[in-house]
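Q: Structure for the following, please:
(chains A and B)
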Amino acid sequence: MTSATPDTDESRYDFRALEAKWLPVWQETEPFRAGGADDDRPSKYVLDMFPYPSGDLHMGHAEAYALGDVIARYWVQRGFNVLHPIGWDSFGLPAENAAINRGLDPRGWTEDNIAQQRASMERYACSFDWTRVLATHRPEYYRWNQWIFTRLYEKGLAYRKPSQVNWCPKDQTVLANEQVVGGLCERCDTPVTKKKLTQWYFKITDYADRLLDDLDTLKDTWPSKVIAMQRNWIGRSQGADVVFTIEGRDQPIDIYTTRPDTLHGATFMVVAADSDLAAELASTADAATQEAFEAYLATVKGTTEIDRLSTDRPKTGVFLGAYAINPVNGEKLPMWASDYVLADYGHGAIMAVPAHDQRDLDFARTMDLPVRTVLACLDEEGQPLPDPSESGVATTGEGTLVNSGSLDGLDKAAAIAAITAELEAAGAGRVATNYRLRDWLISRQRYWGTPIPIVHCADCGEVPVPDDQLPVELPASEGLDLKPKGQSPLAAATDWVNVPCPNCAGPAKRDTDTMDTFVDSSWYFLRYLSPTKTDGPFDSAEASRWAPVDQYVGGVTHAILHLLYARFFTKALHDMGHVNFEEPFLALLNQGMVQMDGSTMSKSRGNLVRLSEQLDEYGVDAVRLTMAFAGPPEDDIDWADVSPAGSMKFLARAWRLARDVTSEPGVDPATGDVVLRSHTHKTLAECAQLVEGFRFNVVVARTMELVNVTRKAIDSGPGPADPAVREAAEAVTVLLSLFAPYCSEDMWDMLGHSNVAHAGYPAVEPALLVDDTVTCVVQVAGKVRDRLEVAPSIGEDELRSLALGSSAVVKALNGAGVRTVIVRAPKLVNIVPA
RNA sequence: GCCCCCGUAGCCCAACUGGCAGAGGCAACCGACUUAAAAUCGGUCCAGUGCGGGUUCGAAACCCGCCGGGGGCACCA
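A: Model prediction:
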């Protein structure tokens, strides 16, 4: 049977017409402007990670914003006052590269891109509050980066130090540890090298314990994967510092070890080749040793990160001509320099216990150094493990101490406790904790970033720019050579650089580095709360009204970098009394990536499918729906596996439902078809749960099912005038408003209403959720033998006798007795024959 | 090398967290409507849940061991 209304041109779903019709209306009505302080609805802060303004939106943006929108639009329907802002992470290298390669002004290029991207977002019907947009490259924003920097500086959390830093030879700038991926520059995949420079750091390591421990508060609302990655990154380890004296040197040195129990097994020491200590020890050695060390250091410095990181690399090193004294037995331990010890972890030197550490054993075998077993270890069968000096395999697990004086016979844990106490009493050691996490290097030798608000004065040293002189604005790029050359381009802006010292008014120079753009994104979620405020970064009343973010949505690519920094900023701001919470993002949803035939699409790898073409062909709604329907949000979507054409057809089908309803708005649904009503209310109840669990693909499937059922009701059931049909069509419309704004707005309009975004999630009538009867499955020996229609409230005993009386059951039992009957009223009975 | 996640129909995915393997979609095929096509409507086909054990009255789900795919960490002492 076909629908009653003929499909004339005017009564057909036409996504182009709907987009043209409703976009201007929304631009007028601003349906997603967040309510003010007088709004008495409960508040909900839903945040999408803000984009870099790279130009037009791509498929990845389309997925992220489609999913973020489902959440934001759902809570609006639920009657919440939702804040769903957007802005631009607009400092960074692409603008600078456009300037270098094409002679464009970074400011103009960035603003043009923002305008283009905003227009795309509006077309895409993103439910953003357009009154709060921010862009981090604008002085009214980065002024507060500088303000926060100054606060951190005052607290000793921003400081300058010389050290070996990661250096990208192509971008000619330093990189934070987090920006080095597998030894390559995160941005351009160039092998990273090391360089000794004086740079600005944020002291994130002061917060290592809290950053780690507070992850526990997020474990139910953040992806476990992200929590694991952060834990791993912070890398807390418990051990001990042990003090070793060095022959011929006044100062003893500390080493860090997680295995103080194996101290008696130390047979040599290793010092990081690039550490000050190694250089110092070598400098006092004989000429041949000095020469060997210099040669070795030169090869180490020439090794790129990527080579250094490769495993199975043979151990290298040189003898430093010095000896350390083992505090527990007075033994002389030769001191070696090697690059397998890192200068910036622990104390840059280790005690080597080759029998019980594989790296030390590899080194010992290469250099022909002694190996002493101090731990007797057993394998899974209880057999003694072979001697590491012969097997070449260090025994690194549990064991019983041997050759260790007073520790002999103890197990690992007892030995660690005993030796630590012993060392502590002798002043030769103490319990210690170490972290993989390093301080956050924030200086960049690039133009397009926030100037560091420090003036260097010959007399006063580092002087922060006073708050009332902020922002320190970037000088115009005109006339500056922005090409990377290892020194900030700002150094050439002499008019800008030379300033009077804020302290003594003498001649001084501005710091010419700019901040890592991750500084910008570490607090932007707070700026949205009062984006035009001029006497502070954000309004604390607004912050306590909205923040922290209830739901954050973004890619897993930021699992470590951005999220860790934002958590650090939040804790620091908390400690300074600016916010009253310690975690910025209460819940996190990571969406997957969009691929095409198995290859990733991204701005760096090229866009295999152009979003604009998809939108032109299938419409905004169909693309958004496809993103939500493709699968669980955290899974990657392969565009070759999904069907925007199918989504479009479904939307057309849903749209015709609204078109075909003939009852009047406001008609009482209670008189409508009960079967359809029950289906509608069950769908509404289930979909609410599904949305809150981010099961958007299932929500779409349930909505499709409801559309199918309603279609049947119109064509071959109670007909288009039945009030239950209107109720169902309205439910479909509200559910679709989460995914397909244009289509649902038009449906809502056809149904005689306006402003679907605020329609409100229909109330579920609990009575309609329970069926009069349920089907009970009766199994014999696990196989289904009968089905019974029973009341949902049926008792166990009644159901048991009903099942046992079933003729199908009697037949299946075939005379055999009954051993057990499992009854799970009202849905299942399993009869176990004797 | 270590840690984590995932294997259900030709494909993308559901399955009330231990109770009838199939909700939804894609693709394919058949039919209705049509002069015809498109659109629409109706229908059909298709797996026993990667493999092998175990627990249980009952396992896609829980446990153990493999295989395959994806991701993270990787000289951090």
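
Q: which residues of the stretch 651-800 of chain A fall in strands?
A: Ranges of strands within the stretch 651-800 of chain A are A:774-780, A:783-790, based on DSSP state E, counting those that start in this stretch.

Q: quick one: buried residues of the shortest one?
A: Translated: strand A:774-780. Neighbour-count burial for strand A:774-780 flags A:Val774, A:Cys776, A:Val778, A:Gln779, A:Val780 (criterion: 16 or more other C-beta atoms under 10 Å). In short, each C-beta sits where N, CA and C put it, glycine included.

Q: And stretch A:488-505, by the same measure?
A: By neighbour count with 16+ other C-beta under 10 Å, stretch A:488-505 contains the buried residues A:Ser488, A:Pro489, A:Leu490, A:Ala491, A:Ala492, A:Ala493, A:Trp496, A:Val497, A:Val499, A:Cys501, A:Pro502.

Q: and the fifth one, how far is that from RNA strand B?
A: In this structure, A:Ala492 and RNA strand B are 35 Å apart, going by C-beta to the nearest atom of the strand, to the nearest Å.

Q: The second one now?
A: A:Pro489 sits 31 Å away from RNA strand B, going by C-beta to the nearest atom of the strand.

Q: closest point of the stretch 451-600 of chain A to RNA strand B, which residue?
A: Going by C-beta to the nearest atom of the strand, RNA strand B is nearest to A:Ile560 of the stretch 451-600 of chain A, at 6.3 Å.

Q: Next, give phi and psi for that residue.
A: phi -100, psi -70 (degrees, to the nearest 10).

Q: tell me the phi and psi of A:Arg444?
A: Backbone torsions for A:Arg444, taken as degrees, to the nearest 10, come to phi -130, psi 140.

Q: Tell me what it is bridged to.
A: A:Thr514 (DSSP bridges).

Q: if I look at it, how far off is RNA strand B?
A: 21 Å.

Q: That residue touches A:Gln179, doesn't it?
A: No. Contact criterion C-beta atoms under 8 Å: A:Arg444 and A:Gln179 do not qualify, at 10.1 Å.

Q: what about these two, which has more around it?
A: A:Arg444 (27 against 20; other C-beta atoms under 10 Å).

Q: Enumerate every residue touching the more buried one.
A: Neighbour list for A:Arg444: A:Thr173, A:Val174, A:Ser488, A:Asp513, A:Thr514, A:Met515, A:Asp516 [criterion: C-beta atoms under 8 Å, 6 or more residues apart in numbering].

Q: any idea which of those has the most stuff around it?
A: Neighbour counts for these, by other C-beta under 10 Å, peak at A:Asp516, which reaches 29 neighbours.

Q: who's in contact with that one?
A: By C-beta under 8 Å, 6+ apart, A:Asp516 lies in contact with A:Ala176, A:Trp440, A:Leu441, A:Ile442, A:Ser443, A:Arg444, A:Gly449.

Q: give me that answer again for 6 Å
A: A:Ile442, A:Arg444 (C-beta atoms under 6 Å, 6 or more residues apart in numbering).

Q: Distance of it relative to A:Leu175?
A: Noted for A:Asp516: a distance of 9 Å to A:Leu175, by C-beta to C-beta, to the nearest Å.

Q: mind listing the helices for the stretch 601-750 of chain A?
A: A:611-618, A:620-629, A:644-660, A:674-692, A:696-716, A:723-736, A:741-750 (DSSP state H, counting those that start in this stretch).

Q: So which of the buried residues of stretch A:488-505 are in strands?
A: Among the buried residues of stretch A:488-505, the ones falling in strands (DSSP state E) are A:Val499.

Q: Turn the buried residues of stretch A:488-505 into TSV, including pLDDT.
A: Putting the buried residues of stretch A:488-505 into TSV (pLDDT from 0 to 100) gives the following:
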residue	pLDDT
A:Ser488	84
A:Pro489	87
A:Leu490	91
A:Ala491	90
A:Ala492	89
A:Ala493	90
A:Trp496	94
A:Val497	94
A:Val499	95
A:Cys501	95
A:Pro502	93
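
Q: As PDB, could you dump the C-alpha coordinates of the strand or helix carrying A:Leu563?
A: Using DSSP states H and E, A:Leu563 maps to helix A:561-575. Extracted in PDB, the C-alpha atoms of helix A:561-575 (Å, rounded to 0.1, in the frame of the first residue of the first chain):
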ATOM      1  CA  LEU A 561      49.300  16.600  25.800                       C
ATOM      2  CA  HIS A 562      46.400  18.900  26.100                       C
ATOM      3  CA  LEU A 563      44.500  17.100  28.800                       C
ATOM      4  CA  LEU A 564      47.400  16.900  31.100                       C
ATOM      5  CA  TYR A 565      48.300  20.500  30.700                       C
ATOM      6  CA  ALA A 566      44.700  21.700  31.200                       C
ATOM      7  CA  ARG A 567      44.500  19.600  34.300                       C
ATOM      8  CA  PHE A 568      47.700  21.100  35.600                       C
ATOM      9  CA  PHE A 569      46.500  24.700  34.900                       C
ATOM     10  CA  THR A 570      43.200  23.900  36.700                       C
ATOM     11  CA  LYS A 571      45.000  22.700  39.800                       C
ATOM     12  CA  ALA A 572      47.400  25.600  39.800                       C
ATOM     13  CA  LEU A 573      44.500  28.100  39.400                       C
ATOM     14  CA  HIS A 574      42.700  26.300  42.100                       C
ATOM     15  CA  ASP A 575      45.700  26.600  44.500                       C
END
